[in-house]
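S.K.: fold the following.
(one chain, ligands or ions: 1)
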Amino acid sequence: MNLSEEIFLNHLGQTSPFPFLIPIEKAEGVYLYGPDGKKYIDMISGIGVSNIGHRHPHVVAAIKEQVDKHLHIMVYGEYIQSAPNLLAQKLASLLPSNLNCSYFVNSGTEANEAALKLAKRVTGRTEIISCKKSYHGSTHGSLSVSGNVVKKRAFLPLLPDVNFIEFSNENDLQKITERTACVIMETVQGDAGVRIPTKDYLKAVRQRCTQTGTLLIFDEIQCGMGRTGTLFAFQQFDVVPDILTVGKAFGGGLPIAAFISSKEKMQLLTHDPMLGHITTFGGNPVCCASALATLEVLENENILASVEAKGKLIQELLLHPKIKETRRIGLMFAFDFDSAERVTRIVNYCKENGVIGYWFLSNPYSFRLAPPLTITPEEIKIACQVIWNAIENS
Ligand code: PMP
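M.R.: Next up, the predicted model:
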């Protein structure tokens, strides 16, 4: 074990000038444990990953079972392996019939990259429409379709023919035309600070896409896997996309993501050109076993049934006058404050007092919570007391 801050800061690539710098030795359920006996309630699920808690025993057992059979054996799509087969079968059984074919990749951003390529291949068009304030990933293609202008500036030029519409603004839908290959949007915007569309808006998006022959991609990398109270967020809006991307919590703690569409569309990636999307580690059998076990836990433990009640409980416990606005769907929260500095003070107080909360990439005025869906009402009460104190002291 080596939890040296010196090594961390000097020999690991960094992403910001102010990392959290909490040494972690172990994680279990909703808790993270430091080497000094410190214990934290993870109220952000490792940023939307540990939806069924850390190291769920069913997931750990599935991983161990797969490790004893085989690890990586061949690049994606060549050998027939049980773990990806079972996972794809499970997804097909849970999704509408036009989303019957899954392609497993390594990260959320790769799933979106591949989804954009698939849309271009299917339609033969080049224009991509995305939403302002969206976040779809950090590689060139996904960054191109992300809305945060500041985050893009140093990396220009990015993908051409990308245009932006305002999320939840029906008037902007006229910008989708016969020239548009796809519209990519988060079903519920995450990093923008939990922006929840209306059913009517998403239906209008679907209608306009169908009218113009444009493919609709829903990015559920953050809002999928039960986070909003249904397995996939789109199930609450009566709208079905042509391509769905999932990631983060999908792997139960291991790195795996997927873009999912119809067999007919997906088959186009096999010719003109052949190997239209390839990846060495996609569909890694250990990650697939972990993802399947995660879906089984969500189902067998009836976890989705209590998401709404837990979400309401947190909302009721955090009715603090300093909060300007609360946006919530299921167990996905943004609490708006009057300044980014206040949010930072709240995050830091929480951290010092054993609760992990966070910011949003594109919305520093909001405090972020997305606890494991498995959190108990007692754990919620303990965490919310600390958060309340943090707000009081901010
Ligand atoms: N899409 C959304 C909606 C996300 O929230 C994220 C990650 N924050 C991504 C895509 C990118 O996923 P990854 O970090 O696994 O590349």
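S.K.: tell me, how many residues neighbour residue 46?
M.R.: Residue 46 sits with 17 neighbouring residues when counted by other CB atoms under 10 Å. All C-beta spots, glycine's among them, are computed from the backbone N, C-alpha and C.
S.K.: read off the pLDDT value for it.
M.R.: pLDDT for residue 46: 97.
S.K.: which stretches of the stretch 201-350 of the chain form helices?
M.R.: Secondary structure of the stretch 201-350 of the chain (DSSP state H, counting those that start in this stretch): helices at 263-266, 285-300, 307-317, 340-352.
S.K.: can you point out the buried residues in the shortest one?
M.R.: Buried residues in helix 263-266, counting neighbours by 16 or more other CB atoms under 10 Å, are found at 265-266.
S.K.: which elements pack onto it?
M.R.: strand 101-105, helix 108-123 (3 or more CB pairs under 8 Å, 6 or more residues apart in numbering; DSSP states H and E).
S.K.: if you set the cut-off to 7 Å instead, what comes out?
M.R.: Judged by 3 or more CB pairs under 7 Å, 6 or more residues apart in numbering; DSSP states H and E, helix 263-266 is in contact with strand 101-105.
S.K.: in its sheet, what does the strand it packs on sit against?
M.R.: Sheet pairing of strand 101-105 (DSSP bridges) gives strand 257-261 (antiparallel).
S.K.: for the residue of the stretch 251-394 of the chain at minimum distance from the ligand, list each beta-bridge partner.
M.R.: Nearest to the ligand, among the residues of the stretch 251-394 of the chain, is residue 257, at 6.1 Å (CB to the nearest ligand atom). For residue 257, the beta-bridge partners are residue 105 (DSSP bridges).
S.K.: contacting residues for it?
M.R.: Applying CB atoms under 7 Å, 6 or more residues apart in numbering to residue 257 gives the contacts 105-108, 110-111, 221, 245-247, 250.
S.K.: near the ligand, which of the residues you listed show up?
M.R.: Taking CB under 6 Å from any ligand atom as the test, the ligand is in contact with 107-108, 221, 247 out of the contacts of residue 257.
S.K.: so can I have a markdown table of these showing pLDDT?
M.R.: Shown next, in a markdown table, are those (pLDDT from 0 to 100):
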| residue | pLDDT |
| --- | --- |
| 107 | 98 |
| 108 | 98 |
| 221 | 98 |
| 247 | 98 |
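S.K.: and the furthest pair within those residues?
M.R.: 107 and 221 (9.0 Å; CB to CB).
S.K.: when those two are compared, which one has more neighbours?
M.R.: It is residue 221, of residue 107 and residue 221, that has more neighbours when counted by other CB under 10 Å, with 28 against 21.
S.K.: quick one: residues contacting that one.
M.R.: Counting by CB under 7 Å, 6+ apart, residue 221 makes contact with 108, 111, 245-248, 257.
S.K.: again, but for residue 136
M.R.: Neighbour list for residue 136: 112, 142, 145-146, 184, 219 [criterion: CB under 7 Å, 6+ apart].
S.K.: for the ligand, give me its nearest residue in the stretch 101-250 of the chain.
M.R.: Counting by CB to the nearest ligand atom, the stretch 101-250 of the chain gets nearest the ligand through residue 108, at 2.2 Å.
S.K.: next, count neighbours for the nearest residue to that residue once chain neighbours are set aside.
M.R.: Spatial nearest neighbour of residue 108, excluding adjacent residues (CB to CB, 6 or more residues apart in numbering): residue 247 at 3.4 Å. Around residue 247 there are 28 other residues, counting by other CB under 10 Å.
S.K.: same thing with residue 213?
M.R.: Using other CB under 10 Å, residue 213 has 13 neighbouring residues.
S.K.: before we move on, what about residue 259?
M.R.: Residues near residue 259, counting by other CB under 10 Å, number 28.
S.K.: please report how far it lies from residue 287.
M.R.: 15 Å (CB to CB, to the nearest Å).
S.K.: can you put the ones next to the ligand among the contacts of residue 257 in JSON lines and add distance to residue 170?
M.R.: Shown next, in JSON lines, are those (distance: CB to CB, whole Å):
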{"residue": "107", "distance to residue 170": "32"}
{"residue": "108", "distance to residue 170": "28"}
{"residue": "221", "distance to residue 170": "25"}
{"residue": "247", "distance to residue 170": "29"}
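S.K.: pull the contacting residues for residue 288.
M.R.: For residue 288, the contact set (CB under 7 Å, 6+ apart) comprises 83-84, 87, 104, 256.
S.K.: if we can go back for a sec, from the contacts of residue 221, pick the one nearest residue 350.
M.R.: residue 248 (21.6 Å).
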